[in-house]
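Student: Turn this into a structure:
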Amino acid sequence: MIVFTIAAAALSGILLWAAFPPAAQADSAWIALVPIMLVIRHTAPRAAAGWTWLAGLIFWVATLSWFPAIIKNGGPWPLVLLGQLGLAAWCAAFMAAYAYASGRVWRWAGRAPGWRRVCAVLVIDPLLWAGAEWVRGWLFTGFAWNFLGVSQVNNLALIQAASVFGVYGVSAIVVAVNGAVTSIVERAATPFMARLTAPRSGEPMPRPGWCGRLLLSTESMLPIALLVFCWYWGTMRIQHARRLEAQATVWRIALVQPNSPCVFELNDDAVRAQQELLVNQTRLAGATRPDLVVWPETAVLGSVPYEPETLRVIREGAAAAGAPLLTGVLELERTAVTPAAHQGLLYYNAAWLYSATGEALGRYRKHHLVPFGEYIPLDKHIPVLQRLAPTGVSCTPGRKGGVLHVTRAAGETLALGPLICFEDTVSGLSRAAVQAGARLLVLMTNDAWFNGSIEPLQHLNQSVFRAVENGVPLVRAANSGVTCAVDAVGRVRRLESNGKSMDFDGFFVTPVTVADTPLNAPYTRWGDRLLGLPGAILLFVLLASGVIVVPCATWRRNLECGDKSLAVRGSRHRFLSALYAETHLVLTLSRIVLVSTPSRLRQRQSVSTKRRSAPLRLCVKKLSTRNLREGM
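Tutor: Numbers count the residues shown, from 1 in each chain. Okay, here's the model as predicted:
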């Protein structure tokens, strides 16, 4: 049996990996959870959590295969491999939490056909999975990477559900369909399992009545019906978006991809060469008369606003484009000397907007920093930790919103919502920008740390959902790939060269349709309150009740009822035995003391002694009777 369980966990992990790049076989996601769901439904919750953690570990180690690319780009290999394994184990833990909670639900649902099983397949399991993903993307700054719904990024009709429930909604649909397939497999396997386990009496096997068969069919068909409905609704939304495009304003955006090397490989000559390449590419893009030019994260390889050489490169680039320039830079801010700023400087990973004449029009400071990349946790309180930052500086997160505005000659204004690096994985930042008035999301990223790996393609897939969730277009300017434009329903147009979209330099000029009002997307207003947060609450309740309430209730029931099947297990049995022995010893010593006490004092204390010892004697009597019954 354990061999089949291990095989089920491994199969689920492999199928999940196949649903994402590099394999990108999205169809495998619809059956990837079936093996491990069978394990969850037919084993104890704790065992199910362990096997699901194993499946998750296999999946995450494989899908994070881009981590070793950091070694090729100058990263220390022991820390890189340790980080990959640690992050994989951490992410797998959330899958284990889902499995434990789901296992408790399926104990409640039972194996007989009924409305409980229908509810578990259609509602509770998808809700728990969505909650586990939400917690993973939030806890300790979160790691919102490769949610299950992201595997369907090319299924445009289906991912429109993200405009209502976020990416968690797409994940929930996939989980519901996996649950339906699991139920079908159970029904198909039941007669064979019954023949193997039932005694050879020749009696026919019992079959469910018409009501049971109806519930079994409902358990399998309702998730399929939900899938069909969401697909049809998504198709209607895409058609509606196409009709609105004719009334929207078109902006010409130039995205420059310089393909600068990783920070560990830079020297003064490489910096000058890359700055020259950046300006030359921008000059070529300027021949198309763009309305806006975007350079990627930390593109100028310098700092502002106190470094004249960096400002010269920016002004030269803006003049070459003949248009406003939005660029990623390292920003320095002078401040008082404190433990957090021992040199009197604060560092920000920022985006600055310049006019065509080189004047600063606005800035955005990155809010969501990458731990162990842009800062070391607690380094503002323990300054010596700042020396361990990989880039040599420890950044400070921005606090204020940063919607920027670009105005062209016709008087039309475009509101930009800048995002930097992995901020496109944090749905709350995109929502906040759109709520603040942004009508175009602009991501500036530098994936040079992972050159030669699949990470840039996986990163792109996360961006697509930010556009769909908010009903606005998004453009990406990447240092080494993928540079592209995503419309409000998730269609992607990318920069390519000889069939590649990564690891080369170039520029991409594309028209972007921007509406004055975003495409209707309830998720922008309600966020995760519709699915992600309720799922997290339900997950927490089931985990807490399983870890705290159930053991306490079982111990109390054993103590009161003497249930042998539970009382003789492990530490609880030893606890009762020790309690009985100690209580018996105390009563024996009490009798000795009473015998040695003078008669008049004994008479005076007899009434109070009887009253005090009566409850204790009753408890000992119960324990003694139970121990004799259990053969102790």
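Student: pLDDT (mean, whole number) over stretch 52-68?
Tutor: Regarding stretch 52-68, the rounded mean pLDDT is 97.
Student: Would you mind pulling the contact partners of it?
Tutor: 6, 8-10, 12-14, 16-17, 20, 35-36, 39-40, 77, 80-81, 83-85, 87-89, 91-96, 98-99, 146, 450, 453-455, 458 (Cβ atoms under 8 Å, 6 or more residues apart in numbering). In this view, the C-beta of every residue, glycine as well, is placed from N, C-alpha and C.
Student: now the residues you listed: which count as buried?
Tutor: For the contacts of stretch 52-68, a burial check counting by 16 or more other Cβ atoms under 10 Å picks out 8-10, 12-14, 16-17, 20, 35-36, 39-40, 80, 83-84, 87-88, 91-96, 98-99, 146, 450, 453-455, 458.
Student: So which of those are in helices?
Tutor: Among the buried ones among the contacts of stretch 52-68, the ones falling in helices (DSSP state H) are 8-10, 12-14, 16-17, 35-36, 39-40, 80, 83-84, 87-88, 91-96, 98-99, 455, 458.
Student: First-to-last residue distance for stretch 120-130?
Tutor: Terminal residues of stretch 120-130 lie 14 Å apart, using Cα to Cα, to the nearest Å.
Student: Only the buried residues of that stretch, if you could.
Tutor: 120-122, 124-130.
Student: Filter these down to the ones in helices?
Tutor: Checked against DSSP H, the buried residues of stretch 120-130 include these in helices: 125-130.
Student: for the residues you listed, which one is nearest residue 165?
Tutor: residue 130 (7.8 Å; Cβ to Cβ).
Student: and that closest one, how far is that from residue 148?
Tutor: Counting by Cβ to Cβ, to the nearest Å, the gap from residue 130 to residue 148 is 9 Å.
Student: same check, this time on residue 323
Tutor: 40 Å.
Student: more crowded one of those two?
Tutor: Ranked by neighbour count (other Cβ atoms under 10 Å), residue 323 and residue 148 place residue 148 first, with 26 against 23.
Student: Just the element for the nearest residue to the more buried one once chain neighbours are set aside, please.
Tutor: Once flanking residues are discounted, residue 148 sits nearest to residue 171: 4.1 Å by Cβ to Cβ, 6 or more residues apart in numbering. Using DSSP states H and E, the secondary-structure element containing residue 171 is helix 167-197.
Student: Tell me the buried residues in the helix or strand immediately after that helix in the chain?
Tutor: Sequence order places helix 210-245 as the next helix or strand after helix 167-197, per DSSP H and E. Neighbour-count burial for helix 210-245 flags 215-216, 218-220, 222-223, 226-227, 230-231, 234, 237-238, 241 (criterion: 16+ other Cβ under 10 Å).
Student: Tell me what angle helix 210-245 forms with helix 167-197.
Tutor: Going by axes from the mean of the first three to the mean of the last three Cα atoms, to 10 degrees, helix 210-245 is angled at 160 degrees with respect to helix 167-197.
Student: average pLDDT for helix 210-245?
Tutor: Rounded mean pLDDT across helix 210-245 is 88.
Student: Could you list the low-pLDDT ranges of this structure?
Tutor: Of all residues in the chain, those with pLDDT under 70 make up the ranges 191-215, 547-632.
Student: Domains of it: list them as residue ranges, please.
Tutor: 2-197+208-244+531-541, 247-521, 562-629 (automatic domain parsing).
Student: Pretty sure residue 318 sits against residue 312.
Tutor: No - between residue 318 and residue 312 there is no contact under Cβ atoms under 8 Å: 11.0 Å.
Student: Can you pick out the residue with more neighbours from the two?
Tutor: Between residue 318 and residue 312, counted using other Cβ under 10 Å, residue 318 has the larger neighbour count: 25 against 14.
Student: isn't there a helix covering that one?
Tutor: Yes - looking at residue 318 with DSSP: H, G, I helix; E, B strand; the rest coil, it is inside a helix.
Student: what's around the closest residue to it other than its chain neighbours, how many residues?
Tutor: For residue 318, ignoring the flanking residues on the chain, the nearest one in space by Cβ to Cβ, 6+ apart is residue 325 at 4.2 Å. The number of residues packed near residue 325 is 28, by other Cβ under 10 Å.
Student: mind checking the SS state of the residue lying closest to residue 414 once chain neighbours are set aside?
Tutor: Spatially, and ignoring its direct neighbours in sequence, residue 414 is nearest to residue 406 (4.7 Å; Cβ to Cβ, 6+ apart). Here residue 406 is recorded as strand under three-state DSSP.
Student: Then residue 343?
Tutor: Per three-state DSSP, residue 343 ends up coil.
Student: Let the chain start at 58 from now.
Tutor: Sure, I'll start numbering at 58, so the last one becomes residue 400.
Student: I'd like to know how many residues surround the nearest residue to it once chain neighbours are set aside.
Tutor: Leaving aside its sequence neighbours, residue 400 sits nearest to residue 394 (Cβ to Cβ, 6+ apart; 7.4 Å). By other Cβ under 10 Å, 10 other residues sit near residue 394.
Student: for residue 195, same thing?
Tutor: Count around residue 195 with other Cβ under 10 Å applied: 17.
Student: Please report phi then psi for it.
Tutor: The phi/psi pair for residue 195 (degrees, to the nearest 10) reads phi -120, psi -40.
Student: do the same with residue 459
Tutor: Main-chain dihedrals, residue 459, degrees, to the nearest 10: phi -140, psi 50.
Student: How many residues are close by it?
Tutor: Residue 459 - counted by other Cβ under 10 Å - has 22 other residues nearby.
Student: can you tell me how far it sits from residue 519?
Tutor: For residue 459, the distance to residue 519 - Cβ to Cβ - is 20 Å.
Student: now residue 543
Tutor: Counting by Cβ to Cβ - residue 543 and residue 519 are separated by 11 Å.
Student: ok, the two, which is more surrounded?
Tutor: A direct count of neighbours by other Cβ under 10 Å for residue 543 and residue 519 places residue 543 higher, at 25 against 21.
Student: Contacts only, for the more buried one.
Tutor: 520-521, 524, 530-533, 549.
Student: Nearest to residue 307 among the buried residues of helix 267-302?
Tutor: residue 298 (14.7 Å).
Student: Over to the residue nearest to the closest one when sequence neighbours are not counted: give its phi and psi.
Tutor: Distances taken as Cβ to Cβ, 6+ apart place residue 546 nearest to residue 298, at 4.9 Å, with adjacent residues excluded. Main-chain torsions, residue 546, degrees, to the nearest 10: phi -110, psi 10.
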